[in-house]
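Visitor: below is the sequence, then the predicted model.
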Amino acid sequence: MDARITLLPGDGIGPEVVAEGRKVLEAVAGRFGHKFTFSEALMGGIAIDQTGNPLPPETLAACRSSDAVLLGAVGGPKWSDPRADVRPEQGLLGLRKELGLFANLRPVTVLPALAMASPLRPESVAGVDLVIVRELTGGLYFGQPQGREVTPQGRSAVDTLRYSEGEIERLMRVAFDLARLRRKKVTSVDKANVMASSRLWREVAHEVARDYPDVACEDLLVDACAMYLIRRPADFDVIATENMFGDILSDEASMLTGSLGMLPSASLGRGRPGVFEPIHGSAPDIAGRGIANPLATILSAAMLLRSGLGLAEEAAAVERAVEKVLAAGHRTADLAMPGQPKAGTAEMGDLVVAAL
Ligand code: IPM
Ligand code: MG
(Lines give C-alpha, C1' and ligand atoms only; values in the text may rest on other atoms or scores of the structure.)
(Ligands and ions follow the chains in the order given, each with its own letter.)
Protein backbone atom coordinates (compact mmCIF):
# COMPACT_ATOMS: atom_id res chain seq x y z
CA MET A 1 0.00 0.00 0.00
CA ASP A 2 1.06 3.56 -0.75
CA ALA A 3 -0.19 5.96 1.92
CA ARG A 4 0.39 9.60 2.69
CA ILE A 5 0.54 10.39 6.38
CA THR A 6 0.56 13.93 7.72
CA LEU A 7 2.38 14.42 11.01
CA LEU A 8 1.32 17.25 13.31
CA PRO A 9 3.87 17.17 16.14
CA GLY A 10 2.52 20.32 17.80
CA ASP A 11 3.79 21.50 21.18
CA GLY A 12 5.47 20.28 24.37
CA ILE A 13 6.25 16.57 24.23
CA GLY A 14 4.32 16.31 20.93
CA PRO A 15 7.41 16.30 18.66
CA GLU A 16 9.19 13.75 20.86
CA VAL A 17 6.36 11.22 20.88
CA VAL A 18 5.41 11.73 17.22
CA ALA A 19 9.00 10.94 16.23
CA GLU A 20 8.58 7.54 17.90
CA GLY A 21 5.20 6.98 16.24
CA ARG A 22 6.81 7.67 12.89
CA LYS A 23 9.69 5.32 13.69
CA VAL A 24 7.22 2.51 14.35
CA LEU A 25 5.20 3.26 11.21
CA GLU A 26 8.39 3.18 9.16
CA ALA A 27 9.27 -0.18 10.68
CA VAL A 28 5.80 -1.48 9.81
CA ALA A 29 6.19 -0.25 6.22
CA GLY A 30 9.52 -2.07 5.96
CA ARG A 31 8.29 -5.29 7.46
CA PHE A 32 4.99 -5.51 5.55
CA GLY A 33 6.11 -4.00 2.25
CA HIS A 34 4.16 -0.72 2.32
CA LYS A 35 5.22 2.72 1.25
CA PHE A 36 4.32 5.48 3.70
CA THR A 37 5.13 9.05 2.69
CA PHE A 38 5.32 11.44 5.63
CA SER A 39 4.89 15.19 5.61
CA GLU A 40 4.98 17.49 8.63
CA ALA A 41 2.78 20.50 9.22
CA LEU A 42 2.39 23.15 11.89
CA MET A 43 -0.40 23.15 14.40
CA GLY A 44 -1.06 24.61 17.84
CA GLY A 45 1.25 26.98 19.70
CA ILE A 46 4.16 26.52 17.32
CA ALA A 47 1.85 27.45 14.43
CA ILE A 48 0.76 30.58 16.32
CA ASP A 49 4.40 31.54 16.83
CA GLN A 50 5.31 31.01 13.19
CA THR A 51 2.14 32.09 11.38
CA GLY A 52 -0.21 33.71 13.90
CA ASN A 53 -2.77 30.97 13.23
CA PRO A 54 -3.10 27.74 15.30
CA LEU A 55 -4.41 25.92 12.20
CA PRO A 56 -2.80 27.48 9.13
CA PRO A 57 -4.65 26.83 5.84
CA GLU A 58 -1.65 24.89 4.47
CA THR A 59 -1.90 22.51 7.43
CA LEU A 60 -5.58 21.90 6.85
CA ALA A 61 -4.94 21.34 3.14
CA ALA A 62 -2.12 18.88 3.90
CA CYS A 63 -4.41 16.95 6.26
CA ARG A 64 -7.27 16.87 3.76
CA SER A 65 -5.06 15.50 1.01
CA SER A 66 -3.50 12.75 3.13
CA ASP A 67 -4.76 9.30 4.03
CA ALA A 68 -4.35 9.75 7.77
CA VAL A 69 -3.03 12.24 10.32
CA LEU A 70 -0.86 11.48 13.36
CA LEU A 71 -1.00 14.26 15.93
CA GLY A 72 1.13 14.87 19.03
CA ALA A 73 -0.29 17.49 21.36
CA VAL A 74 -1.03 21.19 21.45
CA GLY A 75 -0.82 23.90 24.09
CA GLY A 76 1.45 25.07 26.86
CA PRO A 77 1.93 27.84 29.40
CA LYS A 78 3.37 30.17 26.77
CA TRP A 79 -0.02 30.40 25.05
CA SER A 80 -2.40 29.87 27.97
CA ASP A 81 -3.16 33.46 28.96
CA PRO A 82 -6.97 33.42 29.31
CA ARG A 83 -7.13 36.86 27.67
CA ALA A 84 -5.27 35.76 24.51
CA ASP A 85 -7.26 35.99 21.28
CA VAL A 86 -5.73 32.91 19.70
CA ARG A 87 -5.10 29.69 21.57
CA PRO A 88 -3.43 26.46 20.42
CA GLU A 89 -6.52 24.43 21.32
CA GLN A 90 -8.49 26.34 18.68
CA GLY A 91 -6.29 24.62 16.11
CA LEU A 92 -7.24 21.19 17.43
CA LEU A 93 -10.94 22.00 17.64
CA GLY A 94 -10.82 23.58 14.17
CA LEU A 95 -9.19 20.47 12.73
CA ARG A 96 -11.83 18.21 14.28
CA LYS A 97 -14.62 20.41 12.97
CA GLU A 98 -13.18 21.00 9.49
CA LEU A 99 -12.53 17.31 8.89
CA GLY A 100 -15.93 16.34 10.32
CA LEU A 101 -14.39 14.04 12.93
CA PHE A 102 -17.51 13.57 15.01
CA ALA A 103 -16.56 10.25 16.66
CA ASN A 104 -13.61 9.95 19.01
CA LEU A 105 -12.69 6.42 20.05
CA ARG A 106 -10.66 6.12 23.23
CA PRO A 107 -9.87 2.52 24.14
CA VAL A 108 -8.83 1.77 27.72
CA THR A 109 -7.23 -1.63 28.18
CA VAL A 110 -5.40 -2.75 31.27
CA LEU A 111 -2.55 -4.97 30.18
CA PRO A 112 -1.71 -7.63 32.77
CA ALA A 113 1.88 -6.33 32.85
CA LEU A 114 0.62 -2.91 33.97
CA ALA A 115 -2.00 -3.90 36.55
CA MET A 116 0.44 -2.89 39.30
CA ALA A 117 0.95 0.57 37.79
CA SER A 118 -2.64 1.67 38.40
CA PRO A 119 -3.37 3.67 41.54
CA LEU A 120 -6.30 1.27 41.98
CA ARG A 121 -5.83 -2.22 43.37
CA PRO A 122 -4.77 -4.73 40.67
CA GLU A 123 -7.85 -6.87 41.30
CA SER A 124 -10.09 -3.83 40.65
CA VAL A 125 -8.60 -3.16 37.22
CA ALA A 126 -8.06 -6.76 36.09
CA GLY A 127 -9.78 -7.42 32.79
CA VAL A 128 -10.63 -3.79 31.99
CA ASP A 129 -11.25 -3.49 28.26
CA LEU A 130 -13.54 -0.61 27.37
CA VAL A 131 -13.85 2.05 24.69
CA ILE A 132 -15.18 5.53 25.25
CA VAL A 133 -16.93 6.78 22.12
CA ARG A 134 -16.91 10.52 22.61
CA GLU A 135 -18.90 12.94 20.43
CA LEU A 136 -16.30 15.38 19.15
CA THR A 137 -17.78 18.14 17.02
CA GLY A 138 -20.78 19.33 19.02
CA GLY A 139 -21.95 20.18 22.50
CA LEU A 140 -20.34 22.74 24.77
CA TYR A 141 -17.16 22.90 22.72
CA PHE A 142 -18.88 24.39 19.71
CA GLY A 143 -22.35 25.62 20.77
CA GLN A 144 -23.25 29.23 20.12
CA PRO A 145 -23.54 31.64 21.76
CA GLN A 146 -20.18 31.36 23.44
CA GLY A 147 -18.29 34.28 24.92
CA ARG A 148 -18.32 36.94 27.56
CA GLU A 149 -19.64 40.38 28.10
CA VAL A 150 -19.66 43.08 30.73
CA THR A 151 -23.14 43.75 32.07
CA PRO A 152 -24.28 46.36 34.60
CA GLN A 153 -24.15 43.49 37.15
CA GLY A 154 -20.54 42.66 36.27
CA ARG A 155 -18.78 40.22 33.95
CA SER A 156 -20.79 37.38 32.51
CA ALA A 157 -19.88 34.47 30.26
CA VAL A 158 -21.82 31.83 28.39
CA ASP A 159 -21.27 28.43 26.75
CA THR A 160 -24.06 26.58 24.99
CA LEU A 161 -24.77 22.86 25.11
CA ARG A 162 -26.82 22.06 22.01
CA TYR A 163 -27.27 18.75 20.21
CA SER A 164 -29.40 17.90 17.22
CA GLU A 165 -30.91 14.44 16.88
CA GLY A 166 -28.77 13.84 13.77
CA GLU A 167 -25.55 14.47 15.72
CA ILE A 168 -26.62 12.09 18.48
CA GLU A 169 -27.83 9.40 16.10
CA ARG A 170 -24.63 9.16 14.04
CA LEU A 171 -22.50 8.97 17.19
CA MET A 172 -24.71 6.26 18.73
CA ARG A 173 -24.48 4.24 15.50
CA VAL A 174 -20.69 4.29 15.70
CA ALA A 175 -20.96 3.06 19.30
CA PHE A 176 -23.40 0.24 18.48
CA ASP A 177 -21.45 -0.86 15.39
CA LEU A 178 -18.32 -1.02 17.52
CA ALA A 179 -20.09 -2.94 20.31
CA ARG A 180 -21.11 -5.58 17.75
CA LEU A 181 -17.42 -6.30 17.19
CA ARG A 182 -16.81 -6.53 20.94
CA ARG A 183 -18.83 -7.68 23.97
CA LYS A 184 -22.10 -6.25 22.64
CA LYS A 185 -22.89 -3.74 25.37
CA VAL A 186 -23.36 0.03 25.06
CA THR A 187 -23.58 2.35 28.06
CA SER A 188 -25.05 5.69 27.02
CA VAL A 189 -23.97 8.39 29.46
CA ASP A 190 -25.94 11.58 30.03
CA LYS A 191 -27.34 13.90 32.69
CA ALA A 192 -30.98 13.41 31.75
CA ASN A 193 -32.21 14.22 35.27
CA VAL A 194 -31.08 17.82 34.77
CA MET A 195 -30.39 18.73 31.15
CA ALA A 196 -32.69 18.97 28.15
CA SER A 197 -29.86 18.08 25.75
CA SER A 198 -29.32 14.88 27.77
CA ARG A 199 -33.01 13.97 27.63
CA LEU A 200 -32.85 14.22 23.83
CA TRP A 201 -29.61 12.21 23.94
CA ARG A 202 -31.30 9.41 25.88
CA GLU A 203 -34.38 9.40 23.63
CA VAL A 204 -32.31 9.13 20.45
CA ALA A 205 -30.01 6.52 22.03
CA HIS A 206 -33.07 4.33 22.67
CA GLU A 207 -34.32 4.82 19.11
CA VAL A 208 -30.96 3.73 17.68
CA ALA A 209 -30.82 0.79 20.14
CA ARG A 210 -33.95 -0.66 18.51
CA ASP A 211 -31.90 -1.27 15.35
CA TYR A 212 -29.41 -3.31 17.38
CA PRO A 213 -31.48 -5.93 19.24
CA ASP A 214 -28.34 -8.06 19.62
CA VAL A 215 -26.56 -5.32 21.61
CA ALA A 216 -27.43 -4.60 25.25
CA CYS A 217 -27.98 -0.91 25.99
CA GLU A 218 -28.06 0.82 29.37
CA ASP A 219 -28.28 4.47 30.41
CA LEU A 220 -26.08 5.89 33.11
CA LEU A 221 -25.97 9.37 34.58
CA VAL A 222 -22.54 10.89 34.17
CA ASP A 223 -21.87 11.25 37.90
CA ALA A 224 -22.74 7.61 38.48
CA CYS A 225 -20.57 6.65 35.52
CA ALA A 226 -17.62 8.45 37.09
CA MET A 227 -18.16 6.36 40.21
CA TYR A 228 -18.63 3.01 38.45
CA LEU A 229 -15.46 3.59 36.41
CA ILE A 230 -13.64 3.24 39.72
CA ARG A 231 -15.89 0.69 41.40
CA ARG A 232 -16.47 -1.84 38.59
CA PRO A 233 -14.53 -0.72 35.50
CA ALA A 234 -14.31 -4.20 33.97
CA ASP A 235 -18.11 -4.24 33.47
CA PHE A 236 -17.96 -1.54 30.77
CA ASP A 237 -17.67 -2.38 27.08
CA VAL A 238 -18.59 0.67 24.96
CA ILE A 239 -19.37 3.99 26.68
CA ALA A 240 -21.06 6.51 24.38
CA THR A 241 -21.30 10.10 25.47
CA GLU A 242 -21.28 13.76 24.54
CA ASN A 243 -18.16 15.84 24.03
CA MET A 244 -17.48 17.32 27.48
CA PHE A 245 -18.52 14.24 29.47
CA GLY A 246 -16.27 12.15 27.22
CA ASP A 247 -13.36 14.51 27.76
CA ILE A 248 -13.64 14.21 31.53
CA LEU A 249 -14.45 10.49 31.74
CA SER A 250 -11.57 9.56 29.44
CA ASP A 251 -8.98 11.25 31.65
CA GLU A 252 -10.51 9.49 34.63
CA ALA A 253 -10.51 6.12 32.81
CA SER A 254 -6.87 6.55 31.85
CA MET A 255 -5.91 6.09 35.49
CA LEU A 256 -7.18 2.52 35.29
CA THR A 257 -4.13 1.83 33.13
CA GLY A 258 -1.81 3.65 35.49
CA SER A 259 -0.85 6.46 33.14
CA LEU A 260 -2.35 8.98 30.78
CA GLY A 261 0.74 8.13 28.74
CA MET A 262 -0.83 4.82 27.64
CA LEU A 263 -4.05 6.02 26.01
CA PRO A 264 -4.41 6.34 22.23
CA SER A 265 -7.36 7.74 20.33
CA ALA A 266 -8.87 7.85 16.88
CA SER A 267 -11.03 10.70 15.65
CA LEU A 268 -13.15 9.56 12.75
CA GLY A 269 -15.66 11.10 10.41
CA ARG A 270 -17.34 9.78 7.31
CA GLY A 271 -14.54 8.73 4.99
CA ARG A 272 -10.90 9.68 5.31
CA PRO A 273 -8.72 11.01 6.75
CA GLY A 274 -8.96 10.30 10.44
CA VAL A 275 -6.80 11.98 13.07
CA PHE A 276 -4.95 9.72 15.49
CA GLU A 277 -3.52 11.15 18.67
CA PRO A 278 -2.55 10.29 22.23
CA ILE A 279 -5.08 11.65 24.72
CA HIS A 280 -2.40 13.09 27.01
CA GLY A 281 -1.64 16.74 26.45
CA SER A 282 1.60 18.53 25.72
CA ALA A 283 3.00 17.91 29.25
CA PRO A 284 5.12 21.09 29.26
CA ASP A 285 6.67 20.11 32.60
CA ILE A 286 8.60 17.25 31.00
CA ALA A 287 8.92 18.54 27.41
CA GLY A 288 12.35 18.35 25.81
CA ARG A 289 13.76 15.95 28.39
CA GLY A 290 13.38 12.74 26.40
CA ILE A 291 11.44 11.03 29.18
CA ALA A 292 7.86 11.14 27.91
CA ASN A 293 6.05 7.85 27.36
CA PRO A 294 5.63 7.40 23.58
CA LEU A 295 3.35 4.36 23.89
CA ALA A 296 0.09 6.30 23.61
CA THR A 297 1.32 7.72 20.30
CA ILE A 298 2.61 4.34 19.14
CA LEU A 299 -0.76 2.80 20.01
CA SER A 300 -2.42 5.69 18.15
CA ALA A 301 -0.27 4.75 15.16
CA ALA A 302 -1.70 1.24 15.51
CA MET A 303 -5.21 2.71 15.41
CA LEU A 304 -4.14 4.70 12.35
CA LEU A 305 -3.09 1.49 10.66
CA ARG A 306 -6.34 -0.28 11.55
CA SER A 307 -9.03 2.40 11.19
CA GLY A 308 -7.21 4.87 8.95
CA LEU A 309 -5.59 2.56 6.44
CA GLY A 310 -7.48 -0.72 6.93
CA LEU A 311 -4.29 -2.58 7.88
CA ALA A 312 -5.59 -4.77 10.71
CA GLU A 313 -2.74 -7.27 10.79
CA GLU A 314 -0.14 -4.50 10.94
CA ALA A 315 -2.06 -2.77 13.74
CA ALA A 316 -2.21 -5.97 15.76
CA ALA A 317 1.54 -6.46 15.24
CA VAL A 318 2.25 -3.03 16.75
CA GLU A 319 -0.05 -3.72 19.71
CA ARG A 320 1.62 -7.08 20.33
CA ALA A 321 5.04 -5.43 20.15
CA VAL A 322 3.99 -2.91 22.83
CA GLU A 323 2.67 -5.70 25.05
CA LYS A 324 5.89 -7.63 24.61
CA VAL A 325 8.05 -4.66 25.59
CA LEU A 326 5.96 -4.06 28.70
CA ALA A 327 5.85 -7.75 29.60
CA ALA A 328 9.66 -7.76 29.40
CA GLY A 329 9.60 -5.14 32.16
CA HIS A 330 10.53 -1.97 30.27
CA ARG A 331 8.93 1.16 31.72
CA THR A 332 9.05 4.88 31.06
CA ALA A 333 9.20 7.20 34.08
CA ASP A 334 5.39 7.52 34.34
CA LEU A 335 5.01 3.74 34.75
CA ALA A 336 8.12 2.72 36.64
CA MET A 337 7.85 1.48 40.19
CA PRO A 338 10.21 3.03 42.74
CA GLY A 339 13.71 1.72 42.07
CA GLN A 340 12.85 0.32 38.63
CA PRO A 341 15.07 1.48 35.72
CA LYS A 342 13.41 4.06 33.46
CA ALA A 343 13.52 3.90 29.66
CA GLY A 344 13.62 7.18 27.75
CA THR A 345 11.25 8.18 24.96
CA ALA A 346 13.51 7.12 22.05
CA GLU A 347 14.64 4.00 23.83
CA MET A 348 11.04 2.90 24.27
CA GLY A 349 10.38 3.52 20.56
CA ASP A 350 13.45 1.46 19.65
CA LEU A 351 12.32 -1.38 21.89
CA VAL A 352 8.93 -1.48 20.16
CA VAL A 353 10.61 -1.47 16.75
CA ALA A 354 12.86 -4.32 17.85
CA ALA A 355 9.86 -6.29 19.14
CA LEU A 356 8.14 -5.80 15.79
C1 IPM B 1 -8.57 16.05 24.65
C2 IPM B 1 -8.03 17.36 25.10
C3 IPM B 1 -8.65 18.48 24.27
C4 IPM B 1 -10.15 18.42 24.48
C5 IPM B 1 -8.11 19.89 24.57
C6 IPM B 1 -6.60 19.97 24.38
C7 IPM B 1 -8.80 20.94 23.76
O8 IPM B 1 -8.27 17.53 26.46
O9 IPM B 1 -8.42 15.72 23.45
O10 IPM B 1 -9.14 15.34 25.47
O11 IPM B 1 -10.66 18.96 25.46
O12 IPM B 1 -10.83 17.84 23.64
MG1 MG C 1 -9.09 15.83 27.44
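Guide: Cool, got the structure. Keep in mind that what you see is a predicted model, and the values were worked out from it rather than measured. Ligands and ions are numbered 1, 2, ... in the order given.
Visitor: can you show me the strands along the chain?
Guide: When secondary structure is read from DSSP state E, the chain shows strands at 2-10, 35-40, 68-73, 103-109, 129-135, 143-151, 154-160, 185-190, 216-221, 238-241, 264-269, 271-278.
Visitor: got the contact list for the closest residue to ligand 1 within the chain?
Guide: Ranking the residues of the chain by distance to ligand 1 (C-beta to the nearest ligand atom) places residue 89 first, at 4.0 Å. Where you see a C-beta, it was placed from the backbone N, CA and C, and this is true even at glycine. For residue 89, the contact set (C-beta atoms under 8 Å, 6 or more residues apart in numbering) comprises 44, 54, 74, 75.
Visitor: and residue 58, by the same measure?
Guide: Counting by C-beta under 8 Å, 6+ apart, residue 58 makes contact with 41, 42.
Visitor: redo that, cut-off 10 Å
Guide: Residues in contact with residue 58 (C-beta atoms under 10 Å, 6 or more residues apart in numbering) are 41, 42, 47, 51.
Visitor: does the third one touch residue 11 like I think?
Guide: So the one you mean is residue 47. Yes: counting by C-beta atoms under 10 Å, residue 47 does reach residue 11; the two are 9.1 Å apart.
Visitor: what residues does this structure put near ligand 1?
Guide: Proximity of the chain to ligand 1 is assessed by C-beta under 6 Å from any ligand atom, with 75, 89, 92, 247, 279, 281 identified as the residues in range.
Visitor: next, count neighbours for the residue nearest to residue 261 when sequence neighbours are not counted.
Guide: Here the nearest residue to residue 261 in space, its sequence neighbours aside, is residue 293; by C-beta to C-beta, 6 or more residues apart in numbering that works out to 3.2 Å. Neighbour count for residue 293, taken as other C-beta atoms under 10 Å: 27.
Visitor: need the per-residue pLDDT for residue 293.
Guide: Reading off the per-residue confidence, residue 293 sits at a pLDDT of 97.
Visitor: and for residue 337?
Guide: 87.
Visitor: kindly report the same for the one 4 residues further on.
Guide: We have a pLDDT of 93 for residue 341.
Visitor: ok, now how distant is it from residue 335?
Guide: Counting by C-beta to C-beta, to the nearest Å, the separation of residue 341 from residue 335 is 12 Å.
Visitor: so between the two, which is more surrounded?
Guide: Between residue 341 and residue 335, residue 335 has the larger neighbour count (other C-beta under 10 Å), namely 23 against 8.
Visitor: surely that one touches residue 258?
Guide: Yes: with contacts counted by C-beta under 10 Å, residue 335 reaches residue 258, the gap being 5.9 Å.
Visitor: identify the contacts common to these two.
Guide: Counting by C-beta under 10 Å, 6+ apart, the common neighbours of residue 335 and residue 258 are 114, 116, 117.
Visitor: the second one - how many residues pack around it?
Guide: In other words, residue 116. For residue 116, the neighbour count with other C-beta under 10 Å is 12.
Visitor: show me what contacts it?
Guide: 122, 125, 258, 335, 337.
Visitor: again, 7 Å this time
Guide: In this structure, residue 116 makes contact with 122, 337, judged by C-beta atoms under 7 Å, 6 or more residues apart in numbering.
Visitor: got a pLDDT number for the residue of the chain closest to ligand 1?
Guide: For residue 89, the model assigns a pLDDT of 95.
Visitor: what do you get for residue 112?
Guide: On the pLDDT scale, residue 112 gets 85.
Visitor: look up how far residue 252 lies from it.
Guide: As judged by C-beta to C-beta, residue 112 and residue 252 stand 22 Å apart.
Visitor: tell me which of these two has more neighbours.
Guide: Neighbours of residue 112 and residue 252, each counted by other C-beta under 10 Å, are more numerous for residue 252; the result is 15 against 12.
Visitor: what residues does the closest residue in space to that one that isn't next to it in sequence make contact with?
Guide: Taking C-beta to C-beta, 6+ apart, and ignoring the residues beside it in sequence, residue 252 has residue 229 as its nearest neighbour in space, at 5.7 Å. With contact taken as C-beta under 7 Å, 6+ apart, residue 229 is in contact with 249, 252, 253.
Visitor: give me the neighbour count for the last one.
Guide: The one in question is residue 253. When neighbours are defined as other C-beta under 10 Å, residue 253 has 26 of them.
Visitor: do I have it right that it meets residue 109?
Guide: No: at 10.5 Å, residue 253 does not count as touching residue 109 under the criterion of C-beta atoms under 7 Å.
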